[in-house]
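Return atomic coordinates for the entry below.
(2 chains)
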Amino acid sequence: MTNKNQYTVGKEPFYQAQGDEVKLYEAAYAARLPVMVKGPTGCGKSRFIEYMAWKLNKPLITVACNEDMTASDLVGRYLLDANGTRWLDGPLTTAARIGAICYLDEVVEARQDTTVVIHPLTDHRRTLPLDKKGELIEAHPDFQLVISYNPGYQNLMKDLKQSTKQRFTAFEFDYPDAALESAILAKETGLDAAVCDKLVQIGQAARNLKGHGLDEGISTRLLVYAATLIRNGVDAKAACRMALVRPITDDADIRDTLDHAIDASFA
Amino acid sequence: MTDVVAERTEEAARYWEQLGCRFSQVNAVFDECIKEAQALLSKAGLAAYIENARIIGKMGRGAEPLLVYLEEAPSVASIVGEHALITLREFSEYMSTHTNFKAIVPFLQTSGAIARRLHDDKMFRRYIEIVRDMMDRTSGSIHGHHTTFASPGLPDLLKQSPKLLSVLSLQGFQNWIEYGIKYYNNHPERQEEYFRLESADAIAVMQRERHGTLLVDNERKLDAYIRALWNDSDYLIPYSVAFASLRKAMPYYTDDGIRLPDVYDDLNGVSGIDRYRAALAHMAAHRRWSQQMIVDNWSPFQRASVEVFEDSRVEYLACQKYPGLRKLFLALHPVPREEDLQLEEQGISVFRLRLAMLSRAILDPDYAYQNEHVREFVRRFHELMATGASTSAAMASIALAFIARTRGQRDLSAQMYFDNTEVDYRDDNRHLWIYIEESDEDEMFEHLDKRQSTEAELHALPPRHYDEWDYNAQNYRPDWVSVYEALHPRGNPAMIDALLTKHAKLTKRLKAMLELLKPQDKVRIRYQEEGSELDLDVAIRSLIDYKSGSSPDPRINMSHRTDGRSFAITLLLDLSQSLGEKAAGSNQTILELSQEAVSLLAWSVQQVGDSFAIGGFHSNTRHDVRYYHLKGFKEPWGDEVKSRLAAMQAGYSTRMGAAVRHAGHYLKTQQADKKLLLILTDGQPSDVDTKDDNLLIADARQAVKELDQDGIYSYCINLDPKADEYVADIFGKQYTVIDNVARLPEQLPQLFISLTK
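Numbering: from 1, shown residues only, chains lettered A, B, ... in the order given. As a prediction, the model looks like this:
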C-alpha cells in the first residue's frame, strides 16, 4: 500500500483569504463535490488548495498537467519487470484508493480526451474503471477531485469540454486588492510595508496593460519574488527589473514603460 | 548726406574711401556697420571686410547686396572665422554670374542666423556647398552649357534655411533638398512651393529627417505609459512645433484627445521620451485630481495664479504616488532668478517671475530664495496638502490670496518678464475653466472640422497613409498613398450558390483532397524506446522474444503527436477595369470566372477551417486607393459574404503596393503559425497618375519584401498571359501564371491545397 503520509501537508501554508472561499470550500468538501478553481497565473490557486488540504487534514496529490500527458499517466500503466509485467497505479488511482484530494493543476494543458477519464470519479458513481487491468475502483470516502485552470490564455484548442466543466463547482480567483496584496507580501517575506506598497503599485501598472501588449499582468507570485530579493539585500530597482519586468515581456516598448514605472515608484 | 560725412571719424572716412561706393543708402548706415565690425573683427579682418564689400558693391546688382553684406558679414565672421568674409563674397559673386542674383540678398540675410545655428567653420562651408549644389542642379540650361534660367526654388530655400536647420541636421537638410530637386526639378511652381515649405510632402520629408524624439515613433510606448501608470487612456494627437513661431504651443487635452508636440529634443539631460512622459504625467494628474471652476469673474492674473497653484497641487499629488517623477519635473522646471525681482523698479512686470518662483519652491525643497511672500504661500500650500483632502477650489482661494498680497504697481506694465518662467511640460489648463457666458477667447475652431465630415460617404473612415517606394531615389516617399477602406456593397447571394452548384462535380473532387488537409489531431508514433504508453502488441512480442532467449526489441512504447494546422490567409483581388474583359477562349468575363474561383476557394478554406479573409482593391490615383472588405477573418462563409462577392465590379486601376501593405497590415495582427497572402490579378501594377510603370512594379516588389520581413508569405496568381515580363520581378518565384483563364475556378483551390499541404 502506498505511504499515505508522504502526501499530507505538514506545516500550515500561509494563505490570506480574500472572501469566504475557505468556508465555501469546506462545504463543498463536506458533500465531496468536485471543485474547480479559475484565475490568472500566480494569484494563489495552488496555495489555496494546499491550505485547504492542511486545514481538512487530508493528503494532497498534485498533478501538473501537460500536453503530452495521457490517460495512463493519470490512471496507471503496466510496466515490465523480471517476472513479466507489473501494474503501477497512476496518481489519480492512488488518490482514489487512499482517500486524498487529487489536484490537477492547469488541467486545460492536458488534451481533452485525457481529461475524460476523470468523469466517472466526478459524478454520483465515484468509481474509476481500470479497463486495462480489468478492475473497478470504488473511490475512498475522503477522496475529492480538484482542478485548476487559467482562463486568461484560453483559446479554442485549450478549453474544457462542457461535459467536463459541468461536473464541478467553481471558485473564481483574481489578484487581491492593493491593501490586501501588500499585506500578503509583508507577511510572506517580512518586507517593510512601504516598499510592499510600491511593489503592488508596479504590479497594478502592469495589470493595466493586460490586453494592451501584455497577455497577463504581474502576478502576486512575481511580486513575492521581488520582495524576497529586496529582503535579501538586492537593490529595489534591480530586483523589480529582474523579478517583475524581464520575465513577463520581450516587447521593448512595454519593457521601457514598466522600467519607467519602477523608476517613478522608487525615487 | 554731407552732415553724415562731417561726423565721420577719420578712420571710418578712410574705409569709406576704400569702399569706393556711391550708394546713399549705404552711406547712411556705414558708420553703424563699421562700429560693429570694429568690435567684432581683427585689424586684418576689417581690411578684408572692406575689400570684399567693395567687390560686392561693384557687382552691378544694386545697393541691397552690399547693404546686407555690411550688416551681416561681421557677425558671421565672428562666429565661424574671418575667412567667411571671403566665402560670403565669393558665393555671392558665383550666384551673380550664374543668373541667380535674386538669391544673393536672402543668402546674405540668413547667413548670420545660419552661422549662429551651425557654429562651426566646416559646417558653414558644407552648408554653402549644399546650396551651391542645389543651385547648379536647379538652374535651367539651354543646349546644355549656358546657365540661363535662375533656380526657381533657391531664394525660397535660402529664406527657409534657418528654420530648416533649427530642426534638421545638416545631413537632413541635404536630404530634404535632394528630395525637392529630384521630384520638382521640371516643375518651377511646385519647386517653389516645396522650397517655401508649403507643400505637404515638403513638410512630410522634413518630419522624416528631423532630429529628436518623434511622437509617432513612440505612440505605443506612451500609450502603454498612460495606461500602466495612470489607468487612463486617450488619443495622443501630435501638433507641429516647427511652424508656430509667434506663440509657442503648449500641450493640452480636450474631449477628443491629448495633444502633444510632434517632437521633443533632449533637454537638461532628460531624454525626449521622458519629456513626453512628464507632460503626460502632468496631464494625467490633472485628469485625475482637478475639478473645473467657474471663472467668468477672474482677471487674467488671477487665472494665471490659480493655474500655477493647481499645477503644483496635481504635481504634488503625482509625486506622492510616484516619487520618481519629482526628479523628472525638477530637471524640466526652470530655475527662476530671484534677483530679477528688482527689475520691477525699472517698470518691468515681474508677476510671472513671482509665480514661477513659487512653483519652483513648491516643487524643489532645496530652492534657495528669500522672498517672504513666496515663503509664506509655499507654507500655506504645504499646510493645505498635509490635511490630505485638497480640492481645486481650496487651492484657488489660496491662489487668489497670493495675487491680492503680492500685486504690484508694475504688474500691468506692457514689459513682461519672461525669462525662466515657462514650464513647457505643463499643459495650458483649458480644461480647468468653465465660462458661463459665451466667451470670444474660446477655442471654437476645434469643432469646425466636424461639420465637414458628412460630405464624403465612401470616405467614412479616415484614410490610412502608406509610403511608396521610389526605385529612382532608393527611398520611400512618405505617406504617399491614401487607402480608403469600406465594406463591399451587397448583391444577391443566390448567384454565388448557383455558381457553386455549377461546379458540383469539382467540389466533390476537391472535398476528397481537402479531407487530407484537415488537421489529424492525434498521430500515433509507434516503436519508441520511451513513450507515453505501452504498445501492448509490441511489448508482448518483445516479452516472448525475451523469454525464448533471443534479444527483445526495446522499442515497446508508443507516443502521440498532435498534428495542428495554423494558417491565416488573405486573398487580395484586383478589381481593376481590365477584369471586365472577356477571357480569351471563353464567353465569360474574367470577373465572372474570378467570382467562381473565389467562391470555390472560400468554400474550400471553410472546409479546412483556416482563418481566411478576402479583400478587393482598385485605385484612382495615389489619393484614392480603395480597399473593400469582402470577408473578414472571423466571418463564416455564408450569405453575407456571398452577397458581397456577387456584387463585385470592375473599375479603375491597379496600385498594388499600397493594397498589399494594407492587406499585410491586417494579416500581421492575426495569430497563426503561417500567414499567406494570395494576390489574384490580371495585369501589371499601374495607375493613371504614374507614367513610369516600373515605379509601381518596384513599389509592389518592395511591399512584398516588407511582408516577407513580417513573416507573411505572398503568392501571386496572375491571369495575364504576358505576365512573365514583370511578375517575377515582383514576386520572385512565388507566382503562377494561369494562361487558360477558363480553368481558374478549378485551379485556384488546387493551388491553395498544394501551397498549404
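
how much space between the residue of chain A most remote from its centre and B:Asn557?
Distance from the C-alpha centroid of chain A, by Cα atoms, centre = their mean, peaks at A:Asn83 (39.7 Å). When distance is defined by Cβ to Cβ, to the nearest Å, A:Asn83 is 20 Å away from B:Asn557. Yep, even glycine has a C-beta here, placed from its N, CA and C like the rest.

what's the answer for B:Asp545, then?
The value you get for B:Asp545 to B:Asn557, if Cβ to Cβ is used, is 16 Å.

what does B:Asp682 give?
From B:Asp682 across to B:Asn557, the span is 56 Å (Cβ to Cβ).

And B:Val523, by the same measure?
15 Å.

again, but for A:Phe173
Counting by Cβ to Cβ, the gap between A:Phe173 and B:Asn557 amounts to 38 Å.

Can you say which helix or strand has B:Arg524 in it?
Assigned by DSSP states H and E, B:Arg524 belongs to strand B:522-528.

Each with direction, which strands does that strand pair with?
strand B:557-562 (antiparallel) (DSSP bridges).

Need the contact partners of the partner strand.
Outside strand B:557-562, the residues within contact range by Cβ atoms under 8 Å, 6 or more residues apart in numbering or on different chains are A:67-68, A:70, A:111, B:521-535, B:538.

Just the buried residues of stretch B:366-374, please?
B:367, B:369, B:371, B:374 (16 or more other Cβ atoms under 10 Å in any protein chain shown).

contacting residues around the second one?
Pointing back at B:Tyr369 there. Contacts of B:Tyr369 were listed using Cβ under 8 Å, 6+ apart, and they are B:338, B:357, B:361, B:375.

Narrow these to those in strands?
Among those, none falls in strands (DSSP state E).

For PyMOL, write the selection for the buried entries among the residues you listed.
The buried subset of the contacts of B:Tyr369, as determined by 16+ other Cβ under 10 Å, is captured in PyMOL by this line:
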select buried, chain B and resi 338+357+361
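
would you list the contacts of B:Tyr369 in TSV and tack on distance to B:Gly57?
Output for those, formatted as TSV (distance: Cβ to Cβ, whole Å):
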residue	distance to B:Gly57
B:Glu338	51
B:Met357	53
B:Ala361	58
B:Arg375	62
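
what's the most distant pair in the contacts of B:Tyr369?
When Cβ to Cβ is used, the two most widely separated members of these are B:Glu338 and B:Arg375, lying 11.3 Å apart.

Outside of the strand holding B:Arg524 itself, list whatever touches it.
Against strand B:522-528 from outside (Cβ under 8 Å, 6+ apart): A:111, A:113, B:531, B:535, B:538, B:553, B:555, B:557-563.

Show me what secondary structure element comes after it.
strand B:533-534.

Which strands and helices lie in contact with that following strand?
Judged by 3 or more Cβ pairs under 8 Å, 6 or more residues apart in numbering or on different chains; DSSP states H and E, strand B:533-534 is in contact with strand A:76-81, strand B:557-562.

10 Å instead?
helix A:71-75, strand A:76-81, strand B:557-562 (3 or more Cβ pairs under 10 Å, 6 or more residues apart in numbering or on different chains; DSSP states H and E).

so which of these comes closest to A:Val224?
Evaluated over the helices and strands packed on strand B:533-534, closeness to A:Val224 peaks at helix A:71-75, with 30.4 Å, by Cβ to Cβ.

Centroid-nearest residue for chain B?
Short answer for chain B (Cα atoms, centre = their mean): B:Val216, at 5.2 Å.

Tell me the confidence at that residue?
As predicted, B:Val216 sits at a pLDDT of 77.

which residues in the stretch 101-250 of chain B form helices?
Applying DSSP state H, counting those that start in this stretch to the stretch 101-250 of chain B gives helices spanning B:104-118, B:121-138, B:154-167, B:170-184, B:188-195, B:200-209, B:215-230.

Redo those as a markdown table? Include distance to chain A.
Shown next, in a markdown table, are those (distance: least, Cβ to the nearest Cβ, whole Å):
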| stretch | distance to chain A |
| --- | --- |
| helix B:104-118 | 32 |
| helix B:121-138 | 33 |
| helix B:154-167 | 25 |
| helix B:170-184 | 25 |
| helix B:188-195 | 34 |
| helix B:200-209 | 21 |
| helix B:215-230 | 4 |
